[in-house]
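[1] sequence and predicted structure are below.
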Amino acid sequence: GAVVSQHPSWVICKSGTSVKIECRSLDFQATTMFWYRQFPKQSLMLMATSNEGSKATYEQGVEKDKFLINHASLTLSTLTVTSAHPEDSSFYICSARERGAGYGYTFGSGTRLTVV
Amino acid sequence: SQKIEQNSEALNIQEGKTATLTCNYTNYSPAYLQWYRQDPGRGPVFLLLIRENEKEKRKERLKVTFDTTLKQSLFHITASQPADSATYLCALGGLPAARDDKIIFGKGTRLHILP
């Protein structure tokens, strides 16, 4: 079945630094990938939709200059959290959907970001 | 306002019984609804999809119903096992005016199957 690989699985960074998270579709091409953030005991909140070869579409309230998304190929999307602050600490998850796979989305294993 | 509500934050069920989880939504018109399983510290795993014109879908011990009049989906796990313990998320998709096929998640229900 479809596999989405997400790295790193966890990262600790200092406040003010930037962190890049990668999301790869391993055995299928994904023209669209989605980035979510999840706080403890909360729902997955969609942050942005990553479109290959074009600008990402951000959800209301998500700062596009803070959460930079690049989708340079059909198998790779990256999320960069710039000038991270402790309130950015969260669980970030990407997903993609393989066409013809019955509309189920495949999720990465998530990245636990802790900003100290 | 638009809401997706899953019946309870946590649900304890005795092993072997049927677990029933509820997903209600308000002010959405999804073309389909999905259920996912999420284990702690992991990404969700897709389980089932049911379309607006389908009443029921089954997959092994799982059964999902979808009532667009009530705006409700029920998710059943029969002959539940401790390994079924996880958080179960419902998600709405095929939303009118939604771009790029995005799906919207409920908060989830933490299911504990007691041995």
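    Perfect, thanks for sending it.
[2] hey, let's count contacts and neighbours off CA atoms from now on
    Noted.
[3] can you name the residue of chain A nearest to chain B?
    At 4.0 Å from chain B, A:Ser43 is the closest residue in chain A, using Cα to the nearest Cα.
[4] contacting residues for that residue?
    Shown in contact with A:Ser43 (Cα atoms under 8 Å, 6 or more residues apart in numbering or on different chains): B:Phe105, B:Gly106, B:Lys107, B:Gly108.
[5] before we move on, what SS does the third one have?
    Three-state call for B:Lys107 (DSSP: H, G, I helix; E, B strand; the rest coil): coil.
[6] spell out which residues of chain A are next to chain B.
    A:32, A:34, A:41-46, A:49, A:93, A:102-110 (Cα under 8 Å from any Cα of the partner chain).
[7] could you list which of the residues you listed belong to helices?
    Of the residues of chain A next to chain B, none are assigned to helices by DSSP state H.
[8] circling back to that earlier point, any chance of the contacts of A:Ser43 in TSV, plus pLDDT, distance to B:Ala10 and neighbour count?
    Formatted as TSV, those follow (pLDDT from 0 to 100; distance: Cα to Cα, whole Å; neighbours: other Cα atoms under 10 Å in any protein chain shown):
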residue	pLDDT	distance to B:Ala10	neighbour count
B:Phe105	93	17	24
B:Gly106	94	14	22
B:Lys107	92	11	23
B:Gly108	94	9	30
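[9] ok, and which of those reach chain A?
    Checking these against chain A by Cα under 8 Å from any Cα, the ones in range are B:Phe105, B:Gly106, B:Lys107, B:Gly108.
[10] re the thing from before, can you turn the buried part of the residues of chain A next to chain B into a ChimeraX selection?
    Per 16 or more other Cα atoms under 10 Å in any protein chain shown, the buried members of those correspond to this ChimeraX selection:
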select /A:32,34,43,44,45,46,49,93,103,104,105,106,107,108,109,110
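[11] tell me what B:Arg37 is bridged to.
    With DSSP bridges as the criterion, B:Arg37 is bridged to B:Val45, B:Tyr88.
[12] contacting residues for it?
    B:Pro44, B:Val45, B:Phe46, B:Leu47, B:Ala86, B:Thr87, B:Tyr88, B:Leu89.
[13] apply 6 Å and report the result again.
    Counting by Cα atoms under 6 Å, 6 or more residues apart in numbering or on different chains, B:Arg37 touches B:Pro44, B:Val45, B:Thr87, B:Tyr88.
[14] now, the most widely separated pair of these?
    Greatest spatial distance in these: B:Val45 and B:Thr87, 10.5 Å, computed using Cα to Cα.
[15] how about residue 82, what does it touch?
    You didn't pick a chain, so chain A it is. Shown in contact with A:Thr82 (Cα under 6 Å, 6+ apart): A:Ser18, A:Lys66.
[16] hmm, I had chain B in mind actually
    B:Ile113.
[17] may I see the contacts of B:Arg37 arranged in TSV, with distance to A:Gln60, pLDDT and neighbour count as well?
    Below are these laid out as TSV (distance: Cα to Cα, whole Å; pLDDT from 0 to 100; neighbours: other Cα atoms under 10 Å in any protein chain shown):
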residue	distance to A:Gln60	pLDDT	neighbour count
B:Pro44	23	95	24
B:Val45	26	94	19
B:Thr87	27	96	21
B:Tyr88	26	97	24
